[in-house]
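# Fold the following and give me the result.
(2 chains)
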Amino acid sequence: MEIERVKEKILEGRPGFPRQYGPQRADHQPGIPLFPQEATRDLVTIFLLTAIMFFLSAFVTPFLGPARSPQLSELIVPDWYLLFSWGLLKVADIFPQFTLGGGTPLKAVFNAAFWGDLLSGIPIIALLVLPFLDRGRETRPAKAPIRSAVGVAGIASIFTSSLYSIREVVAQRWVTPNGAALIPDGTMKWFFIIPPVLVGLTTYIALRRLAYQPMRIWLLPYVAGLTLVVGAQVAWIFFTPGGLGAEAKPWIGPIGIALFIVFAPMVVTTFALMRWPESTARKVSTWAGALGLIGFLAFYFALPVVTKPAALGWVLSVLWPNMNTLVFLPIFGILTAWMGTRRPYSSYEYLLNECYQCGKCHTVCPVTKVEDDALGGLNLVYNTFKKQHDGVPLWTCLACDACSAVCPLDIQYSDYILEERAKVHAKMAADGGQKE
Amino acid sequence: MPYADLTRVVVETDQRQLPRSHAEKYELKTIWYWYPLYCLGGISFVAFIVLTITGILLGFFYVPDGRLEISASGDLTNPAWRSMLIIMNDIPFGFIIRGMHHWAAHIMIAAVFLHMCRVYFTGAYKKPRELNWLLGVVLLLLTLAFGYSGYLLPANNLSEGAANIGINMSRASPVIGDQLARLLFGDINTLSGVYILRFYWLHVFILPLVVIGLMVLHMGLVWLQGVAEPH
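So this is what the prediction gives:
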């Protein structure tokens, strides 16, 4: 008799057992009415934008300057959105320059401007072929770590190439105490490559961690490798005859302190990653980074007070020419260690939000075939998620995991239900363990 | 209260006056944090409309002639630059109109770039929207061309420098370099000033024609294919 009752319930489409699960569904989801709702929202944006433009044009009048003249004296830079291209044009002198077919009509000059044109064309070609290269179906940035990391690195490289385009300004404005350029051109050229690569790797590790991946296997070689590079650089500065310039030698004390402040947090972080559990490593890297930053700022502002002002200039004359190693690697090493060990920011809400309510979990759920509430279309996961039906869906789940097995998006529903139960227990314990 | 819930509370409070969002329409538990970035394409379109209106107004007064002249005081000048002075100093609200044109251009380029970033990071270029992505890349390049050609028009020192850079970059193309530079700039050095007329025509006729056509296609495809939601 009981078997008959269950069988009857399994057959879908009977009265009281609708085929539609979850919220009200229809083929066509009605959108937001154009008027007045959508129109109001759009007008708010349009008016705000126009107001910003009026404000800017009234208070920041565009510069006209003198009439054009063939005798240019000032430094000419294009508008900000073309700076990256200008930077690529300037860096192109690293490529070999030669002429092919000289003396013929097909003469081709491979000069810096040609290589600059070519370099500017590469990102455009990459953008054009992008949809044909990336054929996966994942759209969320956090779930597509490679794509997101490449994108963030690309944005970083736009910044670094834009900065390189004003290398003359950098060379003029930042100088050592004896008037030489603080950041040499070679360092500026490496600046093109190193920060974007670091940004890309850090983003990749952080995003994989966000998606619940244990990232220690990535972190160890990455952070330890960066530490080794910085260590080698520091050793080179101190232990090779030409490492520290003759003029900087008298300031070896302050320079040593500065390099210690830069290097020590990296060593501590690497050690913590190798020896201690993740949560401890995270705390250690947080503290190492914070103390390193505070220590460096304190040193930066205290040094001109306790010694002659020139001391800071000579310390910086060691740090900035090596900024790609001595400045960026410690920052990115510690930041990555922290991001790669931190707890993912959200719980199952993040994963459950992928659900597109296909209803397969409900179809296989054994509880809904025997529980009386099922007659109304009870869906354990959905109703638990919406905190509906007075907690019945939460506590009737058997944790058999049939729902997870059929889920097309591989969402671990029963884990979610167990976590919710644990939360209720924890809350009861916090309230003094009272029943009901 | 978890962070996600805090955000939701804010959004729900906010939307007592504003329309219901996608998150509410589909009863989503967690809102999509990127939604504010979904209006960047619209912002660039609004900026384009402002640019069209202010551009038409500026066109009444601007003289597209960059040929060098010597003023009574012996300074180098040119009709285009003098017409800019008139717009800035004599025409009522002229400096505001030019300011609007200038800032709307910057906002449009920034919005177009950020719009592309949003589309990239949310994977909105994927099947079936490949064609619209290609249209978008072309529109981005044309927007930069708009910016560059507009930057040349005041015929000031910056225009001269930018034109020189442009000529050098065009001439660097193998084989057709010099011809390309002559076609775009009218001359392979900036002395004659004819580049002002060339880029004026590109800026006010050719580019708007092409860009408006592509924009209609771009937005028409969004209309047909729908917004690429991440859910």
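
# measure A:G359 to chain B for me?
Applying CB to the nearest CB, to the nearest Å, the value for A:G359 to chain B is 15 Å. Yep, even glycine has a C-beta here, placed from its N, CA and C like the rest.

# okay, now that residue: neighbour count?
16 (other CB atoms under 10 Å in any protein chain shown).

# Please work out the residue of the stretch 151-300 of chain A nearest to chain B and name it.
A:G151 (5.3 Å; CB to the nearest CB).

# What residues sit buried inside the helix or strand encompassing that residue?
Using DSSP states H and E, A:G151 maps to helix A:145-164. Under the neighbour-count criterion of 16 or more other CB atoms under 10 Å in any protein chain shown, helix A:145-164 has A:145, A:147-154, A:156-158, A:160-164 buried.

# any idea where the strands of the chain begin and end?
Just going to use chain A. Assigned by DSSP state E, the strands in chain A fall at A:98-100, A:108-110.

# Can you look at chain B instead?
Counting by DSSP E, chain B has strands at residues B:69-70, B:76-77.

# Run through who's touching the first one.
Outside of strand B:69-70, the residues within contact range by CB atoms under 8 Å, 6 or more residues apart in numbering or on different chains are B:L76, B:T77, B:N78, B:P79.

# Next up, the contacts around residue 116.
As the question left the chain open, I've gone with chain A. A:S85, A:L88, A:L89, A:K90, A:V91, A:A92, B:M169, B:A172.

# Not quite, go with chain B.
B:M116 makes contacts with A:L127, B:G136, B:V137, B:L140, as judged by CB under 8 Å, 6+ apart.

# Kindly reformat those residues as CSV containing pLDDT.
Below are the contacts of B:M116 laid out as CSV (pLDDT from 0 to 100):
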residue, pLDDT
A:L127, 95
B:G136, 97
B:V137, 97
B:L140, 97
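
# By neighbours, which of those residues wins?
Most neighbours among the contacts of B:M116, by other CB under 10 Å: B:G136, with 23 neighbours.

# out of the contacts of B:M116, which are inside helices?
Among these, the ones falling in helices (DSSP state H) are A:L127, B:G136, B:V137, B:L140.

# Give the full set of residues in contact with the residue in chain A positioned nearest to chain B.
Per CB to the nearest CB, A:S57 is where chain A lies closest to chain B, at 2.4 Å. Residues counted as contacts of A:S57 (CB under 8 Å, 6+ apart) are B:F95, B:I96, B:R98, B:G99, B:M100, B:H102, B:W103.

# gap between it and B:L217?
Counting by CB to CB, to the nearest Å, the gap from A:S57 to B:L217 is 31 Å.

# B:L140 now?
For B:L140, the distance to B:L217 - CB to CB - is 15 Å.

# A:I411 and A:C355 touch, don't they?
Yes - assessed by CB atoms under 8 Å, A:I411 is found in contact with A:C355 at 6.3 Å.

# before we move on, the earlier item: mind listing residues that contact the helix holding A:G151?
By CB under 8 Å, 6+ apart, helix A:145-164 touches A:80, A:83-84, A:86-88, A:90-91, A:123, A:134, A:141-142, A:170, A:188-189, A:191-192, A:195-197, A:199-201, A:203-204, A:207-208, A:211, B:117, B:120-121, B:123.

# Give me the buried subset of the residues you listed.
Buried, going by 16+ other CB under 10 Å: A:83-84, A:86-88, A:90-91, A:123, A:134, A:141-142, A:170, A:188-189, A:191-192, A:195-196, A:199-201, A:203-204, A:207-208, B:117, B:120-121, B:123, out of the contacts of helix A:145-164.
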